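# Quick check, what structure comes out for this input:
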Amino acid sequence: MVAANLNAEEVYVEKRIENFIASISADDYKLLAFPNPSRGNFTVEVDVPYESETIIRIVDLLGREVLRLYDGKLEHGNHVYQIESGHALNTGIYVLYIHAVPYGTNEKIINKNLKLIIQ
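Numbers count the residues shown, from 1 in each chain. Got it, this is the predicted structure:
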């Protein structure tokens, strides 16, 4: 949730109920890749609403990981990753995947994916 203070500055606010973040869903996490389809160079943008233990990766259609973009604690906010054609993504269809466990949610797991086409 975003609010503003008296100086009209954006302030991040978390809703908590008994130390647990309320009503988190995969829709709260934004996952974008552009351009998509791509010729090999593309940008991945992830918006994380809560501090989370996060894995961001690209897998082929057989589920094999071909590129891991991030693995660790990710602060809330927008994160951008630049992918260049030298990362050995051959022409094909891939899945951009985020797996996140927000801190303070008592084992709530968020999974979200996006089809990624490399031409």
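# who's in contact with the residue nearest the centre of the chain?
Centroid-nearest residue in the chain, with C-alpha atoms, centre = their mean: Val46, separated by 3.8 Å. Neighbouring residues of Val46 by C-beta atoms under 8 Å, 6 or more residues apart in numbering: Tyr29, Lys30, Leu31, Leu32, Thr54, Ile56, Leu74, Asn78, His79, Val80, Tyr81, Ile98. For glycine as for every other residue, the C-beta is placed from the backbone atoms N, C-alpha and C.
# how far is stretch 49-59 from where the chain is centred?
Here the centre of stretch 49-59 is set off from its chain's centre by 5 Å, with C-alpha atoms, centre = their mean, to the nearest Å.
# how about it: buried residues?
Burial within stretch 49-59, assessed by neighbour count using 16 or more other C-beta atoms under 10 Å, is assigned to Pro49, Tyr50, Glu51, Ser52, Thr54, Ile55, Ile56, Arg57, Ile58, Val59.
# The last one and Phe42, how far apart?
Shown here: Val59 relative to Phe42, a distance of 16 Å by C-beta to C-beta, to the nearest Å.
# Ranking by neighbours, what's the top pick from the contacts of Val46?
Ile98 (24 neighbours; other C-beta atoms under 10 Å).
# by contact count, what packs against the helix or strand where it lies?
Taking DSSP states H and E as the definition, one finds Ile98 inside strand 92-102. Where contact means 3 or more C-beta pairs under 8 Å, 6 or more residues apart in numbering; DSSP states H and E, strand 92-102 is packed against strand 30-34, strand 42-48, strand 52-60, strand 110-118.
# got the buried residues of stretch 49-59 as a markdown table, with distance to Ser85 and pLDDT columns?
Below are the buried residues of stretch 49-59 laid out as a markdown table (distance: C-beta to C-beta, whole Å; pLDDT from 0 to 100):
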| residue | distance to Ser85 | pLDDT |
| --- | --- | --- |
| Pro49 | 31 | 91 |
| Tyr50 | 33 | 88 |
| Glu51 | 33 | 92 |
| Ser52 | 29 | 93 |
| Thr54 | 25 | 96 |
| Ile55 | 23 | 97 |
| Ile56 | 19 | 97 |
| Arg57 | 18 | 97 |
| Ile58 | 13 | 95 |
| Val59 | 18 | 95 |
